[in-house]
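[1] pasting a predicted model and its sequence here:
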Amino acid sequence: MIAARRAAVRAMLRRRGIEVGVATGTGDAVGASWTCCGGNAMPGIEPPVTYAWWVRPSALLLVLALAWLLWLLQRTRPARPDAPDPRRAVQQDWGGAVAELHGRFLRGELDLRALHLALAGLMREFGSDHTGRDLRPMTRAEIAEELPKSGLGELLGRYEQPSFARDPQVEAQESVDRTLEVISRW
């Protein structure tokens, strides 16, 4: 069957005026031919070009050199200082305001009721800044309903109760601690 195909291809090429040399690779009108596949002459087709022996190892060395260079640059690059966390800065600002109010209470400038009123106003501002909605005119129950996971409603409820505390110092410290806890959780 292969011999029949070869004969058919030779006949077709002869009709077109191309002489085919068998097994020698010479004698066609287009140019030099080469032999392959057991001696078939293929006129006008050049053999495939192969890379020189050194091309693949050179490409591998180039890739390895680039990888080493990237590793070296990453290793010798000076460490970047961590960018400050904006959330942390905001918490410190609000925490500083809470600490200032607590200090005024300890110095006697505020009584327990005035401390809780100031903390309630501060936390309503804090909530307004973080939610983008004005929480100042809202009641404690509305805030608790709108922001159930924040703990702000509970905290505002706590601020309403301390008028009858046995020890104002302990009550003030607990209120300040819970306020800082809500700020840090936000």
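    Cool, got the structure.

[2] number of nearby residues for residue 175?
    Neighbour count for residue 175, taken as other C-beta atoms under 10 Å: 25. Where you see a C-beta, it was placed from the backbone N, CA and C, and this is true even at glycine.

[3] tell me the SS of it?
    The local conformation at residue 175, judged by DSSP: H, G, I helix; E, B strand; the rest coil, is helix.

[4] and the gap between it and residue 102?
    Shown here: residue 175 relative to residue 102, a distance of 9 Å by C-beta to C-beta, to the nearest Å.

[5] show me whatever sits in contact with both of the two.
    Residues touching both residue 175 and residue 102 (C-beta atoms under 8 Å, 6 or more residues apart in numbering): residue 115.

[6] wait, residue 144 touches residue 155, no?
    No - contact criterion C-beta atoms under 8 Å: residue 144 and residue 155 do not qualify, at 9.6 Å.

[7] more neighbours: the two, which one.
    A count of neighbours by other C-beta under 10 Å puts residue 155 above the other of residue 144 and residue 155, at 22 against 18.

[8] and the pLDDT for that one?
    In this model, residue 155 is scored at 84, pLDDT.

[9] the helix or strand where it lies: which residues count as buried?
    Here residue 155, judged by DSSP states H and E, is contained in helix 152-160. Neighbour counts over helix 152-160 (16 or more other C-beta atoms under 10 Å) mark 152, 153, 155, 156, 158, 159 as buried.

[10] residue contacts, the residue lying closest to the third one once chain neighbours are set aside?
    Read it as residue 155. Distance criterion C-beta to C-beta, 6 or more residues apart in numbering; nearest residue to residue 155, sequence neighbours excluded, is residue 182 at 5.2 Å. By C-beta under 8 Å, 6+ apart, the contact set of residue 182 is 123, 150, 151, 152, 155.

[11] OK, contacts around the third one?
    Taking C-beta under 8 Å, 6+ apart as the definition of contact, the neighbours of residue 151 are 181, 182, 185.

[12] any idea how far residue 74 lies from residue 95?
    Distance from residue 74 to residue 95, by C-beta to C-beta: 37 Å.

[13] so these two - more neighbours on which side?
    Just comparing residue 74 and residue 95: by other C-beta under 10 Å the higher neighbour count belongs to residue 95, 16 against 8.

[14] let me know the pLDDT of the more buried one.
    Reported pLDDT at residue 95 in the predicted model: 83.

[15] before we move on, which element is it in?
    With DSSP H and E as the test, residue 95 turns up in helix 86-106.

[16] pull the helix or strand with minimum mean pLDDT from this protein.
    Within the chain, confidence by mean pLDDT, DSSP states H and E is lowest for strand 34-36 among all helices and strands, at a mean of 47.

[17] need the helices for this protein, in chain order.
    Applying DSSP state H to the chain gives helices spanning 2-15, 55-76, 86-106, 112-131, 140-146, 152-160, 168-185.
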